[in-house]
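Chemist: Predicted model, plus sequence, below.
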Amino acid sequence: MKSREKKKPILIKGVCKMKRMTRLLSLLLAGLMCVQMTGVVTQAQSAPSDPLYQEFQTPADDTKPRPLWFWNREVEDMTTEQVREIVRESYLQSGYNGFGILPQWQGEYLSDEYFELYEAALDEGSKYGMHFSLYDENGFPSYNAGGLLEEYYPDLTTKRLDKFEKDGADGETVRVNLPEGKFMGAVAMNTDTMERVEIDESNVTIVPPKPYDPSEEPIGVSASTTYSVSPGYGPEMAVDGDLTTRWNSESFSGGNQYLQIRFTQPTTFDSVRIYEDKDPQLHRTAKYAVQYWNYETGSWEELASGKKITDAGVEHSFAPVTSDLVRLRIKQLNGDSASISEFQIFSGDQQLEVPQAPEVIEPGYYASSIYNPDYAADKAFDGDRTTRWNAGDGVKCPHWLELSFGSGRTVDSVTLYEHLNRITGYQIQYYKDGEWLSCASGTSIGEDGATLRFDPVQTERLRLYITSTSDYNPTIWEFEAYGNGERLVPDEIQEEPYDGSYLEYQVPEGNWKVMAFLCVKDGNNGMDYLDPASVRAFIDITYETYYKRLRKYFDNGTINMAFFDEPSFWPAGGRTPYGAQGARFWTPAFNEEYEKIFDGQSPVLDYPALFYDIGEDTDQARDRMQYVRTELFANNYIGQINDWCTDHGLKLTGHMLFEEWTNPVGLHGDLMKVFQNQAVPGVDIIDYFGKSQESYKIVSSSANNWDKGQVMSESFGVFRGTDSKDFYRSALDQYAKGINMIIPHAVWYDDDPSYVTYVPELSYRNPQFKDDLAAMSEYFGRSGHLLQNGRHVADIAMLYPIDYLETSFLFNGQENKPADADYMRVGETLSLNARRDFTYLHPDIIDERCTVEGNTLNLNNTENYEQYKVFVLPGTQVISLSNLEKIKAFYDGGGKVVATTQLPTRATTTGDNDKVSAIIREMFGVDPATGEPVEAQAGEFTKNTNPSGGAAYFIKTGFETKLEAALNDALATYDVELRGVPSLSGGNFSYIHKVKDNRNLYFFANSSDTEVNVTAAIRGELHQPMLWNPATGEKTAASYQVTEENGEKVTLVELSLSAIQGVFVVEEPTSEPPVPADTNKTILKKVYDYATEAKAGSEYAGAIGSVKA
């Protein structure tokens, strides 16, 4: 190394003295640092390290994804060796950090053998520092603990709210019969004035449920439920000796079904044989038991049990028992309904004959099949030519439509009216001596109808028997039967004497509807999410069992998350075998919980609003009732599980179902508030790229609202692309909308395509994706590392209009989606068209955590504090008055408010509607009832201003094309503006801004197929912005310049992104090293004061710039 030669100073007037002072200060500081900071290297010797970039460049394993891992074979068909291999190679080849093990409806769930496999996975993973999520169910949804909840705690299963009603008038006494259940209250409502009266419980007689009486069971074969969409699946099909026929329980009936045989007298038997259909898709039984009624003990007792049946069948032998009742109870299913081909009872080698049940046909109307309940058989006999019967979809001829009189009638003619002219052949048949006989026939009917006359026949039953159709299935307006010119109708059904519970009430003068509300068992075997005891039972069965069996892996951090899946009040709009009928999920303690929240007020008078419009109190009643239900769900279910996880060192994540629905009230109540107690909110992203994208911001905003730094997605299930492009497209859009933890769906234990229920199979074994997985894991690791935690920055807040959605929801079996509830579409317009990031604000958060400071609305969180300059009020008819008053205060202070489609006219509290209308009129200069400006204005939107600089805009129609112009008018300079974005195809261009470690970072995402060259105009002066590439971990200097626009500094960053590419713009760390905490600041101050004095002197002023520097 060359030595450095000392040179004499060049003499410049005033400079030598300054240099001497500089050297003196340097010596003093050096001495100080030597005393106080032994071992510290100065900046001149080494550039400061950047931990944020180092961890981005080489992402830690724990930042990388842990996909769901479906165990898609039965436990007995799995090996610990295969389990260990998949864990090991997934780490080594795919770069995965772990798994969430998802047992796919396994028969040996939570058995010793199951935990042996599970521990093998954990043990192997712990060798590589992998982490696992405890997936809390056997299959999905998180609901019934693999069927064990009902088995252990039958009284803690799902409940629902039912209404029983009867009309009365002018002082008459009304009697309403009530089933078994928890009485929640009764109300009489005047149907003309909407006056409501709470009916005192003294009017209610509750009769204890009758004990089970086996003698009331029907002779022969019967079943819990029977498939009703089309004929041919009754219980008799399981005892006909034909393996090609089968009994099927009702569609989506789920487990806990039974097939029962009652003999005419006590019979001795000692074995059974059971068969399922030859179609493997119908091998649905996962757990069953054979039971008989023991008259000595007065109970059902188990004779045999098992898990699989299949078409090979199973045989169970046991010690002989004698009884007249035996049943096959299907406890768990791998499917939506039970299906059994044969259920055979033996005594020795002799199969016992199943007695024929006596045929009892009640008076009424019947059909071979129906299209749906709106087209039931009775619609063809109601005398109304606007209603009709329609045969079931896809059901082949013959079809029949029957009129059962209940007693003998003489029939001599019929008149028929048909819709759509589909029938080409039919007969009129009457029933006699156990068979159907024809008395007339025809080839067409038509809209004008057809009358057929025939010799009089004596019968109790008459039917239209359709033998052929020309197109699709038949539909009949009316079927009229006559005898001697008189229209014939069925006998009135004589009701059995009623000996159950009832309500009896004398109504006042006028027209009244008397309603009783009961919380009843729904019949499904899942937990009651609203009841802490039911959820605790679920925790005991699942979470506690895992903890007891695998505590070592909790303690060492191998298991550090938990995952729940798709809990819902009303899954799939009632099309799946869980949840509660009609979305009426309820709990017996609801009234008491309501009173706690609303200061002792009773909810009873609010119950009718769940089914009807009750006048001026409707909005408040519905809003309160649904608010309480969401609170119970969020606290008793998610909150209780989250508490358990926190106590055991885990973070809880999971997601709801159908997050893209506009109105979430029927599904889970409130898509933001449900996550208030959850460590890591989550969203489900399945089926295809872009599915449910409207909900990403709702879930990430929930995290922002309640100050949570991580947001999860379960992604890529049923994505059917042939390469990984759509995975990256989806990830880019997710990251830009605030999601920062991606859980891929899925790896499968058995990768044979016949066992992979939901593609893709994302493991190292799949040649389609295996070469991309390690790079994808790195990409997700880098992106998640930067985007998790930190603080979100946006200028725009938007009301989450849950109050309006709650007031719009009825228990009517529908989604109840208001046409003017445009918040999701407005959100997409902001994110993807105007490209202005925003945060949804929940009404509770606006009240509890937001304050107004001049023209700024502050979200006051500890970590994720945000400051908004623009507030968007999406289409809503109902708003909380307290929310609106805060928005008005923001406007009065100079804030900007933009409203779309529908201005609110009603409050969530009765009596405050006029106040809402007055505030809206003052803010917007618009009549809220009509949406028209008070004073005529030209332009795409109305604008109203105040002296403080506040402005309120209303876009009545077409916000999709007008919103950006209103935003540009509202605020001169936004946090981020993207300039020069071209027309895109196949995806989107969007961004997110966060502050992490006191540094600004921005993620720009191009999920489209279009190359994008844009300028990002970023408010403020960035410190040396760099481009960080999540695909490679490299960083390069950004091309940028700092300018001034509208009186504010703006950093213009040039971005060039190819198709399906994302990039981070990150400020470099500042260069000044921090002063150590233990520095002697007294000495340092003396040095500083001396230097300051010297700097103020004339000699310093005359020094050249290089010396000053």
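Modeler: Great, that's in hand. Small disclaimer: the values here were computed from a predicted structure and weren't measured. Numbers count the residues shown, from 1 in each chain.
Chemist: use CA for all of it now, contacts and neighbours both
Modeler: Noted.
Chemist: Now do the contacts for residue 113.
Modeler: Neighbouring residues of residue 113 by Cα atoms under 8 Å, 6 or more residues apart in numbering: 75-76.
Chemist: Tell me the secondary structure at it.
Modeler: For residue 113, the secondary structure call by DSSP: H, G, I helix; E, B strand; the rest coil comes out as helix.
Chemist: ok, it to residue 73 distance?
Modeler: 13 Å (Cα to Cα, to the nearest Å).
Chemist: Residue 537 now?
Modeler: On the measure of Cα to Cα, residue 537 and residue 73 end up 27 Å apart.
Chemist: same check, this time on residue 858
Modeler: 53 Å.
Chemist: With residue 473 instead?
Modeler: Distance from residue 473 to residue 73, by Cα to Cα: 41 Å.
Chemist: Compare neighbour counts for those two and give me the winner.
Modeler: A direct count of neighbours by other Cα atoms under 10 Å for residue 473 and residue 73 places residue 473 higher, at 20 against 17.
Chemist: Confirm residue 829 sits in a strand?
Modeler: No - Residue 829 sits outside any strand when classified using three-state DSSP, being helix.
Chemist: ok, it touching residue 960?
Modeler: Yes - with contact defined as Cα atoms under 8 Å, residue 829 counts as touching residue 960 (6.1 Å).
Chemist: More neighbours: those two, which one.
Modeler: residue 829 (19 against 16).
Chemist: what pLDDT does that one get?
Modeler: What the model reports as pLDDT for residue 829 is 98.
Chemist: List the residues that contact it.
Modeler: 835, 960, 963.
Chemist: run the last query once more with 7 Å
Modeler: Listed by Cα atoms under 7 Å, 6 or more residues apart in numbering, the contact set of residue 829 reads residue 960.
Chemist: separation between it and residue 694?
Modeler: With Cα to Cα as the criterion, residue 829 and residue 694 are 10 Å apart.
Chemist: Kindly report the same for residue 831.
Modeler: Taking Cα to Cα, one finds residue 831 at 10 Å from residue 694.
Chemist: Please apply the same query to residue 365.
Modeler: Separation of residue 365 from residue 694 (Cα to Cα): 46 Å.
Chemist: again, but for residue 537
Modeler: Applying Cα to Cα to residue 537 and residue 694 gives a distance of 35 Å.
Chemist: Kindly report the same for residue 151.
Modeler: From residue 151 to residue 694 the distance is 39 Å (Cα to Cα).
Chemist: who has more neighbours, these two?
Modeler: residue 694 (21 against 15).
Chemist: quick one: low-confidence parts of the stretch 801-950 of the chain?
Modeler: Per-residue confidence for the stretch 801-950 of the chain (pLDDT under 70) gives no ranges below the cut-off.
Chemist: Strands along that one, start to end?
Modeler: For the stretch 801-950 of the chain, applying DSSP state E, counting those that start in this stretch gives strands covering 838-841, 850-853, 856-859, 866-868, 870-873, 878-879, 896-900, 906-907, 926-927, 932-933, 942-945.
Chemist: could you redo these as a markdown table and give each row mean neighbour count?
Modeler: Shown next, in a markdown table, are these (neighbours: other Cα atoms under 10 Å):
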| stretch | mean neighbour count |
| --- | --- |
| strand 838-841 | 25 |
| strand 850-853 | 18 |
| strand 856-859 | 22 |
| strand 866-868 | 22 |
| strand 870-873 | 26 |
| strand 878-879 | 26 |
| strand 896-900 | 26 |
| strand 906-907 | 25 |
| strand 926-927 | 20 |
| strand 932-933 | 16 |
| strand 942-945 | 21 |
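Chemist: would you turn the ones you listed into a markdown table with distance to residue 996?
Modeler: Putting the strands of the stretch 801-950 of the chain into a markdown table (distance: least, Cα to Cα, whole Å) gives the following:
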| stretch | distance to residue 996 |
| --- | --- |
| strand 838-841 | 18 |
| strand 850-853 | 22 |
| strand 856-859 | 18 |
| strand 866-868 | 14 |
| strand 870-873 | 24 |
| strand 878-879 | 35 |
| strand 896-900 | 28 |
| strand 906-907 | 39 |
| strand 926-927 | 42 |
| strand 932-933 | 44 |
| strand 942-945 | 37 |
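Chemist: Quick check: which of the ones you listed is nearest to residue 605?
Modeler: Nearest of the strands of the stretch 801-950 of the chain to residue 605, taken as Cα to Cα: strand 906-907 at 18.7 Å.
Chemist: Can you list the strands that the closest one pairs with?
Modeler: strand 878-879 (parallel) (DSSP bridges).
Chemist: Contacts for the partner strand, please.
Modeler: With Cα under 7 Å, 6+ apart as the criterion, strand 878-879 contacts 803-804, 904-908.
Chemist: Quick check: the farthest pair among those?
Modeler: 803 and 905 (12.9 Å).
Chemist: From what I see, residue 1058 and residue 1014 are in contact.
Modeler: No - contact criterion Cα atoms under 7 Å: residue 1058 and residue 1014 do not qualify, at 11.4 Å.
Chemist: Which one's more surrounded, those two?
Modeler: residue 1014 (18 against 15).
Chemist: quick revisit: between the contacts of strand 878-879, which sits nearest residue 437?
Modeler: residue 804 (59.1 Å).
Chemist: in the sheet, who's paired with the residue nearest to the closest one when sequence neighbours are not counted?
Modeler: Closest residue in space to residue 804, ignoring its immediate chain neighbours: residue 878 at 4.9 Å, by Cα to Cα, 6 or more residues apart in numbering. Per DSSP bridges, the residues bridged to residue 878 are residue 906.
Chemist: Quick one: residues contacting residue 182.
Modeler: Residues in contact with residue 182 (Cα under 7 Å, 6+ apart) are 518-520, 588.
Chemist: got a markdown table for these, with distance to residue 1030, secondary structure and neighbour count too?
Modeler: Formatted as a markdown table, the contacts of residue 182 follow (distance: Cα to Cα, whole Å; DSSP: H, G, I helix; E, B strand; the rest coil; neighbours: other Cα atoms under 10 Å):
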| residue | distance to residue 1030 | secondary structure | neighbour count |
| --- | --- | --- | --- |
| 518 | 56 | strand | 23 |
| 519 | 53 | strand | 24 |
| 520 | 54 | strand | 20 |
| 588 | 52 | coil | 21 |
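Chemist: Nearest to residue 257 among those?
Modeler: Once Cα to Cα is applied, the member of the contacts of residue 182 that ends up nearest residue 257 is residue 520, at 18.4 Å.
Chemist: was I right about that closest one contacting residue 161?
Modeler: Yes - at 6.4 Å, residue 520 counts as touching residue 161 under the criterion of Cα under 7 Å.
Chemist: what helix or strand is the residue lying closest to residue 305 once chain neighbours are set aside on?
Modeler: Leaving aside its chain neighbours, residue 305 sits nearest to residue 289 (4.1 Å; criterion: Cα to Cα, 6+ apart). Using DSSP states H and E, residue 289 sits within strand 285-294.
Chemist: Pairing partners for that strand, with directions?
Modeler: strand 299-306 (antiparallel), strand 314-333 (antiparallel).
Chemist: circling back: and residue 205, which of the strands of the stretch 801-950 of the chain is closest to it?
Modeler: Taking those one by one with Cα to Cα, strand 906-907 is closest: 38.4 Å.
Chemist: what's in contact with that closest one?
Modeler: 877-881, 913, 916.
Chemist: would you list every one of the strands in the stretch 501-650 of the chain?
Modeler: Secondary structure of the stretch 501-650 of the chain (DSSP E, counting those that start in this stretch): strands at 501-506, 511-521, 559-565, 585-586.
Chemist: highest average neighbour count across those strands?
Modeler: Using mean count of other Cα atoms under 10 Å, the stretch among the strands of the stretch 501-650 of the chain with the largest mean neighbour count is strand 585-586, at a mean of 26.
Chemist: Alright, calling it a day.
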